[in-house]
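[1] this is a predicted model, with the sequence first.
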Amino acid sequence: MDEPSKQPYSREETEAQRLDRNYAELLQELRVAQTGVQILFAFLLTIAFQQRFASIDAFQRGVYVTTLIAAAIAAALLIGPVAAHRLLFGLRLKDELVVFTGRLAAGGLIFLVIAMLGAVLLIVDVVLNAVAAGIATAVIAALVVWLWYLVPARSRALRTDDPDQLPR
């Protein structure tokens with residue numbers, strides 16, 4: 001018995017409607033990422049003022065500074081679309097805005113994962129030991145690569161047989 005053919009999802013919309021939808025979806029995604037990076041960044045800012053911070057070793061201090069800088073860059077990149085929108089609003093540059101903010105979001109997510117992994121590495125190293133920290137960080141890194149890249153890339157690859165079905 002033949003399987004029924006699966007009809008691809010399609011949407012009838014103008015180019016302007018597509019850009020508006022893509023931008024609205026991007027802003028929704030950024031809201032989640034912005035909140036996470038802001039909480040992580042605030043947490044990292046407070047660590048340096050704790051009494052126990054003075055007793056961390058050089059490796060832990062290096063991980064802390066790298067993590068703090070990655071979180072600051074992630075925050076800048078994930079909040080950047082707000083400034084871009086304000087500067088480009090009303091200039092009929094929605095296509096450029098969608099492309100630019102998409103790139104900011106992608107860069108922000110890269111620095112967010114670096115900051116997340118750095119925070120895990122630092123805290124598990126301080127609380128347990130370097131081996132446990134390395135294992136925990138590697139497991140979380142693998143999970144992030146799988147969920148954030150491999151699963152979506154596989155779904156996207158399944159659509160490459162029909163270029164008209166790639167997201168626009």
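    Sure thing, it's come through.
[2] so what's the residue positioned nearest the centre of the chain scoring on pLDDT?
    Taking CA atoms, centre = their mean, the centroid of the chain lies closest to Leu109, which sits 2.0 Å from it. Looking at Leu109, its pLDDT stands at 92.
[3] which one is it nearest to, not counting chain neighbours?
    Distances taken as CB to CB, 6 or more residues apart in numbering place Ala33 nearest to Leu109, at 6.3 Å, with adjacent residues excluded. From N, CA and C alone the C-beta is placed, and that goes for glycine too.
[4] repeat that for His85.
    Leaving aside its sequence neighbours, His85 sits nearest to Leu97 (CB to CB, 6+ apart; 6.5 Å).
[5] where exactly do the strands run in this structure?
    With strands called from DSSP state E, the chain shows none.
[6] where in it is pLDDT low?
    Along the chain, the parts satisfying pLDDT under 70 run over 1-10, 160-168.
[7] redo that, cut-off 80
    Applying pLDDT under 80 to the chain picks out residues 1-13, 16, 19-20, 23-24, 27-28, 31, 85, 88-91, 93-94, 159-168.
[8] what segments of it are helices?
    Using DSSP state H, the helices of the chain run over residues 15-47, 58-88, 94-127, 130-144, 151-159.
[9] the residue nearest to the centre of the chain against Tyr149, yeah?
    No. At 10.0 Å, Leu109 does not count as touching Tyr149 under the criterion of CB atoms under 8 Å.
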